[in-house]
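>>> Can you look at this prediction? I've put the sequence above it.
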Amino acid sequence: QVQLVESGGGLVQPGGSLRLSCAASGFTFSSYAMSWYRQTPGKERELVAGISALGITTNYGDSVKGRFTISRDNAKNTVYLQMNRLNPEDTAVYSCYARIRSVSYWGQGTQVTVSS
């Protein structure tokens, strides 16, 4: 079955960096676009970044443009989110997402906390 497993979250000081990973299994990873979303309590889930199946095309939410970079390694079935210049407003649960044959799949999420 499809599994998306995030890792790499944690506590970081403002201005710091983190790299999130999402390991995928149960489907042909290189055939599907992947995305990262984030959510904080009381707010709607927000698209952070997306990447096409072969990694040619990327898109970012306005709040992270220029600071975050999404990438993928299709040989490792993994998508990454490099987050730089983090600020407290980036604090959220970050989740990996894939839509496969009209079905949405989410990882369990990883907490990122930006605080001094």
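Thanks, I have it. Numbering: from 1, shown residues only.

>>> these two touch, right, residue 63 and residue 92?
No - with contact defined as CB atoms under 8 Å, residue 63 does not reach residue 92; the gap is 10.7 Å. All C-beta atoms are positioned from the backbone trio N, CA, C, and that covers glycine.

>>> Who has more neighbours out of those two?
Higher neighbour count among residue 63 and residue 92: residue 92, with 22 against 13, using other CB atoms under 10 Å.

>>> so how far is residue 86 from that one?
Relative to residue 86, residue 92 is positioned 11 Å away (CB to CB, to the nearest Å).

>>> Need the overlap of contacts for the two.
Residues touching both residue 92 and residue 86 (CB atoms under 8 Å, 6 or more residues apart in numbering) are residue 112.

>>> Any idea what residue 83 is bridged to?
Note on residue 83: beta-bridge partners residue 18, residue 68, judged by DSSP bridges.

>>> pretty sure residue 83 is touching residue 67, no?
Yes - at 6.9 Å, residue 83 and residue 67 qualify as touching, with contact defined as CB under 8 Å.

>>> can you give me the strands for the chain?
3-7, 10-12, 18-25, 34-39, 46-51, 58-60, 68-73, 78-83, 92-100, 103-106, 110-114 (DSSP state E).

>>> Could I get those in JSON lines, plus columns for mean pLDDT?
Putting the strands of the chain into JSON lines (pLDDT from 0 to 100) gives the following:
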{"stretch": "strand 3-7", "mean pLDDT": "98"}
{"stretch": "strand 10-12", "mean pLDDT": "98"}
{"stretch": "strand 18-25", "mean pLDDT": "98"}
{"stretch": "strand 34-39", "mean pLDDT": "98"}
{"stretch": "strand 46-51", "mean pLDDT": "98"}
{"stretch": "strand 58-60", "mean pLDDT": "98"}
{"stretch": "strand 68-73", "mean pLDDT": "98"}
{"stretch": "strand 78-83", "mean pLDDT": "98"}
{"stretch": "strand 92-100", "mean pLDDT": "98"}
{"stretch": "strand 103-106", "mean pLDDT": "97"}
{"stretch": "strand 110-114", "mean pLDDT": "98"}
